[in-house]
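Participant: with the input below, show me the fold.
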Amino acid sequence: MTTDRSSDGTPDPTSDPRAVRAAFELVTGAWRTQAVHVAARLRLPDLVAGGHRDGAALAAATGLDPDVAHRLLRLLVLLGVFEAEADGGVRTTPVGELLRDRPGSLRDMCLLYGEEFYRAWGHALEALTTGTPGFELAHGEPLLAHLAGDPAAAARFQRVMQAGHAVFDAVPGVLGLPGRGRVVDLGGGGGRLLATVLSAAPDARGVLVDLPHVLPLARAHLAASVGLDRVELLGRDIFEAPLPGDGDVYLLSRVLGDWDDGHCVRLLRRVRAVLAPGARLLVLERVTTDDGSGALAALWDLHLLVVNGGRQRTLDAYRALLGRADLALERVVELPLDTKGLLVGVASG
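Facilitator: Next comes the predicted model:
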């Protein structure tokens, strides 16, 4: 048996078809992102579900050239967004259903990651080598400033942040919230996590704290889910303004990952200052590992770096952050979607 050689005498890497295919899959990943983004932007899953089941019908509904519609549809079938049927038409798959334009879908995530975040990742090399976030390089301003100045983008971002239903649904079982407990959600965004917790504890009350431009979406969601009579909404900066006291449980969901260690310790110390005896802090973040598992957490770690200079952390790193704020890590709970990262902290000493 002989091994193919390159002109310099070394083994030819292209002689391994499995490696070549794997490399192609990596290199063309951006094409997949954009194909699915186009499908979501044109609402193709909704059109297919509504009866536009082939390229000609989709072309007529979207203005695409029929040949282009056919070619796009062919790829989307191969990507699992649609499934071909015997009569030549297609139907939506469970993946395609997730991309439909309706509440609770992942369409907003597809749009955000295919547009604003896609452009940010175009500056990944600069972000990783200079430390300047790719979002700032692409858009001329940091992510939070951009969202504060664009209500539509801010609303879409918050809907994306609230899309982790499977993760949120597992949280109430971990809380063990007293019947008439008080839950304080710091940086609570659109309110989905707080609504999930309060729905599981009908006698509990909640407080959601976030920047003023975020509150309209939170107010609408909480009004429709648990009622505003059970919730207090506070439009303030959790790093600067006073934090609510008398909470039985404080939530920090996907907040620490946006900040460097200094900001995280500062925020945790502020929480520690209002944490009453017996109260707990729940930190919801993906935990990174170096054991060869957790690819999604590793991807999100670099995404946070590229977008706003943030990071996901190892369990030891989170334990150290909590310790610097006089908080002890009581336990870690594994949640769905590669989220080994519901950290329960209590006051130490």
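Participant: wait, a strand at Leu208?
Facilitator: Yes - under DSSP: H, G, I helix; E, B strand; the rest coil, Leu208 sits within a strand.
Participant: residues touching it, list them.
Facilitator: Residues in contact with Leu208 (C-beta atoms under 8 Å, 6 or more residues apart in numbering) are 185, 188, 191, 194, 215, 218, 222, 231-234. (Each C-beta comes from the backbone N, C-alpha and C, glycine too.)
Participant: now which of the residues you listed would you call buried?
Facilitator: For those, a neighbour count by 16 or more other C-beta atoms under 10 Å gives the buried set as 185, 188, 191, 194, 215, 218, 222, 231, 233-234.
Participant: and the residue nearest the centre of this protein?
Facilitator: Met161 (5.2 Å; C-alpha atoms, centre = their mean).
Participant: correct me, but that residue touches Gly190?
Facilitator: Yes - the criterion here is C-beta atoms under 8 Å, and Met161 meets it with Gly190 at 6.6 Å.
Participant: what separates Trp51 from Arg71, distance-wise?
Facilitator: Small correction: residue 51 is Gly, not Trp. 21 Å (C-beta to C-beta, to the nearest Å).
Participant: who's more crowded, those two?
Facilitator: Under the neighbour definition other C-beta atoms under 10 Å, Gly51 and Arg71 were set side by side, and Arg71 has more, 13 against 9.
Participant: enumerate the positions of whatever helix or strand that one lives in that are buried.
Facilitator: Using DSSP states H and E, Arg71 falls within helix 66-78. Buried residues in helix 66-78, counted by 16+ other C-beta under 10 Å: 69, 72-73, 75-76.
Participant: how's the chain carved up into domains?
Facilitator: 15-98, 107-160, 164-347 (automatic domain parsing).
Participant: make a markdown table from these and add mean pLDDT to it.
Facilitator: Output for the domains of the chain, formatted as a markdown table (pLDDT from 0 to 100):
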| stretch | mean pLDDT |
| --- | --- |
| domain 15-98 | 95 |
| domain 107-160 | 92 |
| domain 164-347 | 89 |
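Participant: tally of neighbours for the closest residue to Leu98 other than its chain neighbours?
Facilitator: Nearest residue to Leu98 in three dimensions, chain neighbours excluded: Leu106, at 4.6 Å (C-beta to C-beta, 6 or more residues apart in numbering). When neighbours are counted by other C-beta under 10 Å, Leu106 registers 17.
Participant: same question for the one 10 residues further on.
Facilitator: By other C-beta under 10 Å, the residues close to Glu116 number 20.
Participant: so how far is the helix or strand where Val20 lies off the chain centroid?
Facilitator: According to DSSP H and E, Val20 maps onto helix 17-27. Taking C-alpha atoms, centre = their mean, to the nearest Å, the mean C-alpha location of helix 17-27 is offset from the chain mean by 27 Å.
Participant: show me what that helix is in contact with.
Facilitator: 13-14.
Participant: following that helix in sequence, what is the next regular element?
Facilitator: helix 29-41.
Participant: list the buried residues of that following helix.
Facilitator: Buried residues in helix 29-41 (16+ other C-beta under 10 Å): 33, 35-41.
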